[in-house]
Every structure is written in C-alpha cells, then in structure tokens.
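A.B. asks: coords please:
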Amino acid sequence: SIEFLFFEPPSSFLASQTPLLQHPTHPIMSLVVPEGGFQQLLRISNTNIDGKNKAMYALTSIRGIGRRFSNVCLKKADIDWNKRAGELTQKEIDKVVTVISHPRQFKVPNWMLNRQKDVKDGKFSQVFSNGLDSKLRDDLERLKKIRVHRGLRHTWGLRVRGQHTKTTGRRGRTVGVSKKRGG
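C.D. replies: Next up, the predicted model:
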C-alpha cells in the first residue's frame, strides 16, 4: 500500500516562502512507495511505457491510443488517472489491457473508436500497436489493388489528399531545369 506522510516544515522555511506556505498548518506531502511497488518501465502491447508518467498520459505512448481514449479506458477500469503508471498493480494493468482490446464490451461509444465500420467485416473496434500497422498496410494494398485514384497516388509516391505539388514536396526528386549546351 502507498502511504502519504505529512510533516511540519520549520518556521524559517515558512517565512521564506510564498504567502500560501506561511500558514502554520499547511502540510507538505511526500509520496512513499514500498519497495518493489514501483516499476520504472512497463511493457504493454509490445510498447515500453515510462512508469514516471501519469497513467493517462503513459498509455498514449501506445500507438493508436490518444488522451481521450486512455482517459475513458482508465475510468472503465476504475483506476485513478492521476496515479503514476509505475504504481499500477499487475491486476490493474491486465484490466486496462482488457478494456483497450475490447472497448465495446465496456460500453465505450462507437464514435470514440478509431476503426469504425471496417471495410471487410463492418465492425467497430479500436486498433492499436502492431494491429494498427497491419490494418493501414491492408487498406493501402486494397486501394492499390482496385486502382482508385488514392491508391494510384500512393503507388506513384505523390501527395494523396489534394495538396498542390507544383512547387512543394520536391525533396528526393530531380529539381531544376537543364540548359542546352552549345552556342
């Protein structure tokens, strides 16, 4: 268990601080974590997570999980989002992973998921980590295979979303006008 210790600072310390700390009963709080209770590095869904960050922001280091979705996952798993990621027990981590992998079972709304009405099966899901890469690759392959405009632009290595290409995006290509020699 985690204990909070309160101690009374010396009066010389209080006098040198801001008016908020000049109050004689203002406690200073320190976090005491028992040995073996804090993990510096967690491994969730093939991703290293820094244990020093708060749980909500630590989960965002997993690809495909943003701040809003991680907040909802922690609420559905009944975990305080102000808790540091390293303070989470293995049971809490397992519960969070379950919520992330099956959000519809925990009544997370469809509009919050990042894979809505999948082209192949029509299901709503949250895609993250390695699954995100494979889904993106599959989508691009499908677009190239059916020869739509977006797929062709991907194939040719050009801008896909309607940007101007006359003057921008020239890195990696041959640039300039060659002059005729002779005279």
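A.B. asks: Quick check: the spatially most central residue of the chain vs Lys123, distance?
C.D. replies: Compute the mean C-alpha point of the chain, and by Cα atoms, centre = their mean the closest residue is Thr60, 1.9 Å away. For Thr60, the distance to Lys123 (Cβ to Cβ, to the nearest Å) stands at 24 Å. For glycine as for every other residue, the C-beta is placed from the backbone atoms N, C-alpha and C.
A.B. asks: show me where this protein has helices.
C.D. replies: Remark: helices assigned in the chain by DSSP state H are 11-16, 55-59, 67-76, 90-101, 130-145, 149-156.
A.B. asks: Just name the most buried of those.
C.D. replies: helix 55-59 (a mean of 23; mean count of other Cβ atoms under 10 Å).
A.B. asks: Quick one: mean pLDDT for that one?
C.D. replies: On average, the pLDDT along helix 55-59 is 92.
A.B. asks: repeat for stretch 110-120
C.D. replies: Mean pLDDT, computed over stretch 110-120, is 87.
A.B. asks: can I get the CA coordinates of it in PDB?
C.D. replies: What follows is stretch 110-120, C-alpha atoms only, in PDB (Å, rounded to 0.1, in the frame of the first residue of the first chain):
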ATOM      1  CA  ASN A 110     -18.700   3.800 -31.300                       C
ATOM      2  CA  TRP A 111     -17.700   7.400 -32.200                       C
ATOM      3  CA  MET A 112     -14.700   7.200 -29.900                       C
ATOM      4  CA  LEU A 113     -13.200   4.200 -31.600                       C
ATOM      5  CA  ASN A 114     -10.500   4.600 -34.300                       C
ATOM      6  CA  ARG A 115     -11.800   1.800 -36.600                       C
ATOM      7  CA  GLN A 116     -15.400   2.400 -37.500                       C
ATOM      8  CA  LYS A 117     -17.400   0.200 -39.900                       C
ATOM      9  CA  ASP A 118     -14.400  -1.900 -41.000                       C
ATOM     10  CA  VAL A 119     -14.500  -2.400 -44.800                       C
ATOM     11  CA  LYS A 120     -14.100  -6.200 -44.500                       C
END
